[in-house]
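> Sharing a model that was predicted from the sequence below.
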Amino acid sequence: MSYTDAHLTDILKRTRTIAVVGVSMNPVRPSYYVARYLGLKGFTVIPVNPGHAGKSLFGQTVRATLHDCPDSVDMVDIFRRSEHVPPIVDDALERFPKLRTIWMQIGVAHADAARKAEDRGIDVIQNRCPKIEYQRLFGELRMGGFNTGVISSKL
């Protein structure tokens, strides 16, 4: 699971609408602050969590399933344990005509589900975080003491 910076950058630049599966309403949970960050960066974030369906989060209604999300989703970001990935990928492949990326968070990977999506022409990223990759690739991690290798005059 090695990804080039160019590949990750392309995915993040082309993505517009992200369904975040397993998002939490708790602001100290990683799924919450990753989804919030992505929304602040201009992505439309659709929260998906059956335990909180109907509530509002980041100006969006929390959806129970991917089937309740709008057609415009082009990335599904998975915050669920690896063993829960296959049905999520199946639902995403069935539901979204514009789907281009399945992204599995840090610690989440499933080779068979990834292969199934890739066989349908979908980009799959496993065991990575789009928030961290966005910050790293667009020069924002330097504020946290990380050397991103990105030279920028942006303060």
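Here it is on my side, so go on.
> I'd assumed Thr44 was in contact with Ser72.
Yes - look at Ser72 against Thr44 with C-beta atoms under 8 Å: they come within range, at 7.4 Å. In short, each C-beta sits where N, CA and C put it, glycine included.
> intersection of neighbour lists for the two?
Among the neighbours of Ser72, those also in contact with Thr44 (C-beta atoms under 8 Å, 6 or more residues apart in numbering) are Arg16, Thr17.
> mind listing the helices for this structure?
Defined through DSSP state H, the helices belonging to the chain, from first to last, are 5-14, 30-40, 85-95, 111-119, 130-137.
> Contacts only, for the residue positioned nearest the centre of the chain.
Among the residues of the chain, the smallest C-alpha distance to the mean C-alpha position (C-alpha atoms, centre = their mean) belongs to Asp77, namely 2.9 Å. Contacts were defined as C-beta under 8 Å, 6+ apart; by that measure Asp77 touches Ile18, Ala19, Val20, Val21, Val34, Ala35, Leu38, Trp103, Gln105, Pro130.
> is the fourth one in a bridge, and if so with what?
What it means is Val21. Applying DSSP bridges to Val21 gives these bridge partners: Val48, Ile78.
> quick one: it and Leu66 touch, right?
Yes - counting by C-beta under 8 Å, a contact exists between Val21 and Leu66, whose distance comes to 6.9 Å.
> Pick out whichever of these two has more residues nearby.
Val21 (26 against 23; other C-beta atoms under 10 Å).
> ok, Ser72 and Thr44, which is more surrounded?
Neighbours were counted for Ser72 and for Thr44 using other C-beta under 10 Å; Thr44 has more, 18 against 13.
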